[in-house]
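Visitor: kindly generate the corresponding structure for this input.
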Amino acid sequence: MISVTGSIRASEFIVVGGDLNGHVSTNVDGYDGAHGGYGFGERNADGERILEFCDATKLIVTNTSFRRHNNIIANYVSGGTVSAIDYLLLRRCEQRHIKNVKVIAGE
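Guide: Sure thing, here's the model as predicted:
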């Protein structure tokens, strides 16, 4: 995917969205440009890969840019498991265009 996003001209607007099956957590932990400082849960290996990808391609996980209550951040709840795995990624330089991000659970 890096080769795809890396080949897109800087003048183009990139939006990557969907169920990325990773937990990026509440902590930035060295991903200052990729993680906005807010999140949910604990980071797992897939979340680490999401943040590494964002760091390498100068994208940001926009969901982590806004303070939310945990019941609003969580977009998957089943059998005692609560998680946030649906994300919207875009170029850091385009972040100023995003005023709010809300994932609708079950959609």
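Visitor: which stretches in this structure count as strands?
Guide: 15-19, 59-61, 76-78, 81-83, 86-91 (DSSP state E).
Visitor: so which of these comes closest to Phe40?
Guide: Closest to Phe40 of these, according to CB to CB: strand 81-83, at 7.4 Å. Heads up, the C-betas are built off the backbone N, CA and C, glycines and all.
Visitor: go ahead and flag the most central residue of this protein.
Guide: The C-alpha lying nearest the average C-alpha coordinate of the chain belongs to Val61 (CA atoms, centre = their mean; 2.9 Å).
Visitor: right, and it touches Val24 too?
Guide: Yes: under the criterion of CB atoms under 8 Å, Val61 makes contact with Val24 at 5.7 Å.
Visitor: any idea how far Asp55 is from the residue sitting furthest away from the middle of the chain?
Guide: The C-alpha centroid of the chain is most remote from Gly79, which lies 24.0 Å away (CA atoms, centre = their mean). Distance, Gly79 to Asp55, using CB to CB, to the nearest Å: 33 Å.
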